[in-house]
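Asker: A predicted structure for the sequence below; I have some questions about it.
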Amino acid sequence: MVVDRIVSFLPSATELLYEFGVEDRLFGVTHECKYPDTAKLKPQVISSVINSDELTSDEINTMTCTLLRDGGDIFKLNEQNLKDANPDLIISQETCEVCAAYTTQVQKALDLLSKKPKLFSMDPHNLSEIIQSVTNLGKILEKDQKALEIVNSLEQRIRNIGNSQNHEKLHVLALEWLEPFFTAGHWIPEMIEVSGGINMISKTGEHSRRMDMGEIVESDPDVIILMPCGFDTQRIVSEYDAILKDNSGWNSLKAVKNNQIFAVDANSFFSKPSIRTIDGLEILAKIIQPERFDHLVVPADSFLHVS
């Protein structure tokens, strides 16, 4: 099957389509498809009913939980844009019903379209599955050689980090949400381990889950990395100042006392299972092993110390 018209329900897929050089075949994206910049010019077929820019972390969580409990949709289809896109291929995901358009939206799209497109679902939970998704999509697009080049480059970068580790490892806790607290799951624990840390609380491949301050205090990590889903560093610092800066339990932590709290650009490098996740791996390496990876160049404003 020749794929000439693609709709992406997933920002990480959109990034990969540009990497494959097939952006001219992309006729529909989501409101979160912002990289590269030209992706923002594509017609949007998916948008969110939650305006996270205008809500606090607690308000976002409350609204999300209410919608899920009541069977409401977090995402909505632009039916006309979808029909105009007339896709041969729809790329979606099954990893998280909160982070991107999920099964419900895919079924609605199929019901709307008279010509039924091929479906490709990306469902990675660790680094190897992220890389495998590159190979799988390359095969569908008949871009096998380009996929191999991308995979080889990503795997080499992972080896460069994984093969250079300190004997004494720091205990690292990553937080995916701050109010309430959520662990960082899926590929994040593995990224911490590959980067030379000992991951705390969560496990590779598991969904993120809610936890309380008591669990964090009990773990008392050496390093804490703040990566609320979809937030950049400035938004994280703003949330941190409002939620945690004056919290006595938080301030009792070893990482806080030793000034080892970091904010990372979660939206670009951690929240989505994209090829830029490997940039995230290099960012973690600079945080966890700064003396070994001082030479490593990472994107500007990708992380900062929180004080």
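Answerer: Thanks, I have it. Computed from a prediction, not measured in an experiment: that's the story for all the values here. Residues are numbered from 1 along each chain as shown.
Asker: what about the strands in the stretch 1-150 of the chain?
Answerer: Assigned by DSSP state E, counting those that start in this stretch, the stretch 1-150 of the chain shows strands spanning 6-8, 26-30, 44-48, 75-77, 89-93, 118-122.
Asker: could you identify which of those is most buried?
Answerer: Among the strands of the stretch 1-150 of the chain, ranked by average contacts under mean count of other C-beta atoms under 10 Å, first place goes to strand 6-8 (a mean of 28). Backbone N, C-alpha and C define where each C-beta goes, glycine included.
Asker: ok, that one: who's next to it in the sheet?
Answerer: Its sheet considered, strand 6-8 pairs with strand 26-30 (parallel), strand 89-93 (parallel) by DSSP bridges.
Asker: weakest of these in terms of mean pLDDT?
Answerer: When the strands paired with strand 6-8 are compared by mean pLDDT, strand 89-93 comes last with a mean of 91.
Asker: where's it relative to the chain centroid, distance-wise?
Answerer: Counting by C-alpha atoms, centre = their mean, to the nearest Å, strand 89-93 is centred 17 Å from the centre of its parent chain.
Asker: how big is the angle separating that strand from strand 118-122?
Answerer: Computed by axes from the mean of the first three to the mean of the last three C-alpha atoms, to 10 degrees, the angle separating strand 89-93 from strand 118-122 equals 20 degrees.
Asker: ok, and what's touching strand 89-93?
Answerer: 3, 5-10, 12-13, 17, 99-103, 105-106, 109, 117-123, 137, 140 (C-beta atoms under 8 Å, 6 or more residues apart in numbering).
Asker: how does it look with 7 Å?
Answerer: 3, 6-10, 13, 100-101, 106, 109, 117-123, 140 (C-beta atoms under 7 Å, 6 or more residues apart in numbering).
Asker: circling back: tabulate the strands of the stretch 1-150 of the chain (TSV), appending distance to residue 243.
Answerer: Formatted as TSV, the strands of the stretch 1-150 of the chain follow (distance: least, C-beta to C-beta, whole Å):
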stretch	distance to residue 243
strand 6-8	33
strand 26-30	28
strand 44-48	22
strand 75-77	26
strand 89-93	29
strand 118-122	32
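Asker: pipe the strands paired with strand 6-8 into CSV and attach distance to residue 46 per row.
Answerer: Output for these, formatted as CSV (distance: least, C-beta to C-beta, whole Å):
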stretch, distance to residue 46
strand 26-30, 4
strand 89-93, 10
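Asker: wait, what's in contact with the residue lying farthest from the centre of the chain?
Answerer: Residue farthest from the centre of the chain, counting by C-alpha atoms, centre = their mean, is residue 114 at 32.6 Å. Contacts of residue 114 were listed using C-beta under 7 Å, 6+ apart, and none were found.
Asker: change the start of the numbering to 46 and stick with it
Answerer: That works, and once the first residue is 46, the last one we named lands at residue 159.
Asker: is residue 316 in contact with residue 273, as I believe?
Answerer: No. Using C-beta atoms under 7 Å, residue 316 is not in contact with residue 273, being 8.4 Å away.
Asker: follow-up on the earlier one: to residue 347, which of the strands paired with strand 51-53 lies closest?
Answerer: Among these, strand 71-75 comes nearest to residue 347, with 22.5 Å by C-beta to C-beta.
Asker: send me the closest one as PDB with only the CA atoms.
Answerer: Presented in PDB, the C-alpha positions along strand 71-75 are these (Å, rounded to 0.1, in the frame of the first residue of the first chain):
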ATOM      1  CA  LEU A  71       1.300  15.000   6.300                       C
ATOM      2  CA  PHE A  72      -2.200  16.500   6.100                       C
ATOM      3  CA  GLY A  73      -3.400  16.600   9.700                       C
ATOM      4  CA  VAL A  74      -1.800  16.900  13.200                       C
ATOM      5  CA  THR A  75      -2.800  17.600  16.800                       C
END
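Asker: got the contact list for it?
Answerer: 50-54, 56, 59, 62, 84, 87-91, 126-127, 130, 132, 145-146.
Asker: compute the inter-axis angle for that strand and strand 89-93.
Answerer: Using the same axes, to 10 degrees: strand 71-75 against strand 89-93 is 10 degrees.
Asker: quick one: strand 71-75 to chain centroid distance?
Answerer: 19 Å.
Asker: kindly report the same for stretch 55-65.
Answerer: 13 Å.
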